[in-house]
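Asks: Sequence first, then the predicted structure:
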Amino acid sequence: MNNHVTVLEIDGKALEHNLNYFKKKLLPTTKILAVVKAFSYGSDEVQVAKFLQDKIDYFAVAYAHEGIALREANIGKPILVLHPQIVNFQSIIDNCLEPNLYSFETFHAFLKLAKSNSLTDYPIHIKFNTGLNRLGFLPSDVSKIIDGLRENNHVKIQSLFSHLVASEDLNERDFTTRQIESFKNIVTDFDAFLKYKPLLHICNTSGVVNYPDAQFDMVRIGIGLYGFGNDDFETSQLKNTHNLSSIISQIHEIDPGNSVGYNRAFIATKKIRSATIPIGHADGISRALGNAKGFVTINHQKAPILGNVCMDMIMVDVTNINCKEGDKVIIFNHQKTIQEFADAAETITYEILTGISHRVKKVLKD
Ligand SMILES: *Cc1c(COP(=O)(O)O)cnc(C)c1O
């Protein structure tokens, strides 16, 4: 059991608010796939999936073991594995997970296994590369895929999908529109062959915001559930879900000339007070936030990080803050702070959230 005092509280009410915010933007018939990969963006995928499962239609994870963790927690909803590996195909089948097949290697390997397991109509998802050049078949592969599926009842195409390159960037509207058109053409080619209608999906969070006409049958929402839209306005309509806090372990009086932390990166020029907090780079506080680039909040006041971030701790400046050992420390509890952390570390909010490590205790409060 994790009894760490550094805790990420996941706000269930905020998750639900964010989900409903996106539902309102969509047609009532559009299905919602909640993306819970990477521990639900640095939180806890089991607690989040349990909370969301009767409110959504599908889950997606990146890797097979993430899906297996959900099945072991008795999550019954369909789970799409976005980046399955051939070596894990048997455990994908054993755990009723649904693979994304994105190449002829993965496609033929899965078909072979579906046959040897005597499966019927096992749900598979076929992904097309319409410009991201990451994973996916090319539009020109359609007829060969269809040939591979002839006289085959072992699998069934549960969905056809693609992924947008720059859905958040309206300067790339032309490119995105071409991706959507290319996806529609692929679907038309399949329609001529298939006797059933697979689900179609292309939008992530920013896709829902900027390209609602491309919602098709389902949308895949990740970061939006966790409080971030693709611009300040959208984010302001969402609620923060990731509340990271800790406590003060020790307070030191530092005389001028004395240093704080490794490599003496901070040297006091006047008498100051430092507080040591049990959270470090192994917990997700990037070393880039050291030397006053990052801060925590104690009794409503900002306390900048002194010197380098250690693996397990940071020291912060509390010279002007009325506080004592044991007091609560807020690392972040608002999207604004998470954005400030991201800016200071020259990264994006996705990385701040997913960087919160497994050592931090995770509790969902609803
Ligand atoms: C991670 C991921 C998503 C979720 O994207 P957000 O921007 O977090 O909403 C959707 N689709 C795919 C294929 C992904 O890899």
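Replies: All right, it came through fine. If you're wondering where the values come from, they're calculated on a predicted model, not measured in any experiment.
Asks: pretty sure Trp131 is touching Gln179, no?
Replies: Heads up, residue 131 is Gly, not Trp. Yes: between Gly131 and Gln179 there is a contact under Cβ atoms under 8 Å: 5.0 Å. Where C-beta positions appear, they are placed from N, C-alpha and C, glycine not excepted.
Asks: who has more neighbours, the two?
Replies: Neighbour count, other Cβ atoms under 10 Å: between Gly131 and Gln179, Gln179 has more, with 26 against 18.
Asks: what's the overlap in contacts for Gly131 and Gln179?
Replies: Val165 (Cβ atoms under 8 Å, 6 or more residues apart in numbering).
Asks: What parts of this structure come near the ligand?
Replies: 35, 37, 82, 163, 204-205, 220-224 (Cβ under 6 Å from any ligand atom).
Asks: JSON lines for the residues you listed, including secondary structure and pLDDT?
Replies: Formatted as JSON lines, the residues of the chain next to the ligand follow (DSSP: H, G, I helix; E, B strand; the rest coil; pLDDT from 0 to 100):
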{"residue": "Val35", "secondary structure": "strand", "pLDDT": "98"}
{"residue": "Lys37", "secondary structure": "helix", "pLDDT": "98"}
{"residue": "Leu82", "secondary structure": "coil", "pLDDT": "98"}
{"residue": "His163", "secondary structure": "coil", "pLDDT": "98"}
{"residue": "Asn204", "secondary structure": "coil", "pLDDT": "98"}
{"residue": "Thr205", "secondary structure": "helix", "pLDDT": "98"}
{"residue": "Arg220", "secondary structure": "strand", "pLDDT": "98"}
{"residue": "Ile221", "secondary structure": "strand", "pLDDT": "98"}
{"residue": "Gly222", "secondary structure": "coil", "pLDDT": "98"}
{"residue": "Ile223", "secondary structure": "coil", "pLDDT": "98"}
{"residue": "Gly224", "secondary structure": "coil", "pLDDT": "98"}
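Asks: remind me which residues of the stretch 101-250 of the chain are low pLDDT?
Replies: Along the stretch 101-250 of the chain, the model assigns pLDDT under 70 to no residue.
Asks: All the helices of it, residue numbers only.
Replies: In the stretch 101-250 of the chain, the helices defined using DSSP state H, counting those that start in this stretch lie at 104-116, 142-149, 173-191, 205-210, 232-237.
Asks: Give me the buried positions along the second one.
Replies: Right, the one you point to is helix 142-149. By 16 or more other Cβ atoms under 10 Å, the buried positions in helix 142-149 come out as 142, 145, 149.
Asks: What lies in contact with that helix?
Replies: So helix 142-149 is contacted by 104, 107-108, 111, 126, 137, 155, 157, 186, 189-190, 193 (Cβ under 8 Å, 6+ apart).
Asks: again, but for stretch 324-341
Replies: Outside stretch 324-341, the residues within contact range by Cβ under 8 Å, 6+ apart are 227-228, 235, 238, 240, 242-251, 275, 277, 279, 285-286, 289, 294, 296-299, 303, 316, 349, 352-353.
Asks: Filter those down to the buried ones.
Replies: Buried members of the contacts of stretch 324-341, scored by 16+ other Cβ under 10 Å, are 227-228, 235, 238, 240, 242-248, 251, 275, 277, 279, 285-286, 289, 294, 296-298, 303, 316, 349, 352-353.
Asks: With adjacent residues omitted, what lies nearest to the closest residue to the ligand within the chain?
Replies: In the chain, the residue found nearest to the ligand is Gly222; the distance is 2.5 Å by Cβ to the nearest ligand atom. Distances taken as Cβ to Cβ, 6 or more residues apart in numbering place Val35 nearest to Gly222, at 3.4 Å, with adjacent residues excluded.
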